[in-house]
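S.K.: fold the following, please.
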Amino acid sequence: MFAFIIRHPVSMALAIALHILIAIGLVYSSFQEEDVLKVKLNGETSESEQMPIKQIQPMKTFAVDSSLVKQQLAKIKQEEADKLEAQKRLKRQSEAEKRRLAELKRKQLEEKKKAEAERRKALAEQRKADEAKRLAEIERQKVLAEQKRAQEAKQSAERAKKEALLAEKKREQAKQLVAEAEQKRQQEEAKKKALEEQIKKHNAEKKRLEAEALQAKLRREQLQQEAALQRQLEEEEAKKRQAAKQKEMLSLRETYISSIAASVKDNWRTAAKVSEKAECVVSITQTPKGMISSVKVEKCNKFANEQFKKDAEKAVYRAEPLPMPPIKELFERNIKFIFNP
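M.R.: As a prediction, this is how the structure comes out:
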């Protein structure tokens with residue numbers, strides 16, 4: 001059964017669908033509405049109590065078109081037949097392909113055997129040629145060996161002749177070298193005496209120059225020490241002046257910032273009760289003319305509430321324009337100070 005379903009899945013699906021449609025039609029017909037007639041037991045009915053009697057409808061049935069079923073079954077059989085024919089055709093094609101491949105394999109095997117025979121024949125010919133070449137090489141080597149021995153004998157005789165001539169030449173050269181060495185010794189002796197005299201003069205001049213150089217060195221070192229001492233004194237004096245200037249600038253800056261803080265404090269107004277311990281850091285960004293660009297009241301302690309911060313910011317704006325620095329170099333665009341009114 002399962003093998004049949006696997007081989008014919010489309011046929012089984014259509015058969016099952018047809019059975020389901022028939023079952024649905026039968027079930028649907030059993031659920032049609034019926035009118036129930038109510039009757040009084042006493043046999044009397046009033047006009048107001050009489051219920052209209054509806055005509056009972058005939059039972060509806062679901063008709064299945066047998067011709068449609070036959071068409072579907074015929075279609076399924078045709079599809080199965082087509083599928084079987086296609087399988088047979090594929091089988092014939094597969095068998096033909098197998099025969100073609102077998103024939104091709106047989107031809108390839110014959111070609112391979114033929115090529116192997118040709119290769120073996122070529123190898124045999126190659127071995128014969130190699131053997132002939134080897135024998136010819138042996139004869140050539142023999143001839144070369146004889147030629148080499150004759151050449152070596154000739155070269156030995158020539159070398160002996162050259163060595164004799166070279167020995168005679170070396171004897172003449174040695175004699176010449178002895179004469180040149182004696183002449184050179186005499187010249188070196190004269191040069192030595194002249195050099196010794198020159199060395200004496202050089203040493204005397206050297207001692208004189210060294211004495212002068214020592215005097216110049218001592219004088220130079222003395223001047224360098226005096227110059228270094230002068231530079232040290234000047235640097236110390238400059239440092240003192242710079243420290244004094246920095247101290248003065250710091251004092252002026254403190255006075256400048258204090259004047260700004262005092263101006264803000266003078267403009268402090270508040271209606272709220274403020275703790276004497278309340279304080280905040282006021283950050284001001286200003287223009288060179290003392291006009292305020294922005295104000296921040298931050299880093300407040302626990303005694304400063306939001307009202308305190310707002311009143312502090314208003315006091316800064318009321319102090320505008322801010323006091324000018326005593327000198328231009330002390331101007332700062334960003335000013336910070338602790339505000340405690």
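S.K.: pretty sure P326 sits in a strand.
M.R.: No. Counting by DSSP: H, G, I helix; E, B strand; the rest coil, P326 is located in no strand; its state is coil.
S.K.: against which helices or strands is the helix or strand containing E131 packed?
M.R.: Assigned by DSSP states H and E, E131 belongs to helix 66-266. Where contact means 3 or more CB pairs under 8 Å, 6 or more residues apart in numbering; DSSP states H and E, helix 66-266 is packed against helix 9-29, strand 280-286, helix 306-318, strand 334-339. Quick note: C-beta positions are derived from backbone N, CA and C, even for glycine.
S.K.: just the angle between it and strand 280-286, please?
M.R.: Here the directions of helix 66-266 and strand 280-286 differ by 90 degrees (axes from the mean of the first three to the mean of the last three CA atoms, to 10 degrees).
S.K.: and S67, what's its pLDDT?
M.R.: S67 carries a pLDDT value of 89.
S.K.: that one and A81: what is the separation?
M.R.: 21 Å (CB to CB, to the nearest Å).
S.K.: which one's more surrounded, these two?
M.R.: A81 (10 against 7; other CB atoms under 10 Å).
S.K.: so how far is K240 from that one?
M.R.: Taking CB to CB, one finds A81 at 123 Å from K240.
S.K.: just give me the neighbour total for P323.
M.R.: 16.
S.K.: go on, A117?
M.R.: Neighbours around A117, by other CB under 10 Å: 10.
S.K.: could you do K299 as well?
M.R.: There are 13 residues near K299, going by other CB under 10 Å.
S.K.: what's the neighbour count on the closest residue to it other than its chain neighbours?
M.R.: Distance criterion CB to CB, 6 or more residues apart in numbering; nearest residue to K299, sequence neighbours excluded, is V281 at 4.2 Å. Here the number of neighbours of V281 (other CB under 10 Å) works out to 14.
S.K.: select from the helices and strands packed on helix 66-266 the stretch with the lowest mean pLDDT.
M.R.: Taking the mean pLDDT of the helices and strands packed on helix 66-266, helix 9-29 comes last: a mean of 66.
S.K.: in three-state terms, label V274 for me.
M.R.: Assignment for V274 (three-state DSSP): coil.
S.K.: so it sits right up against F308, yeah?
M.R.: Yes. With contact defined as CB atoms under 8 Å, V274 counts as touching F308 (5.6 Å).
S.K.: these two: which has the busier surroundings?
M.R.: Taking other CB under 10 Å, V274 and F308 do not tie; F308 has more neighbours (21 against 18).
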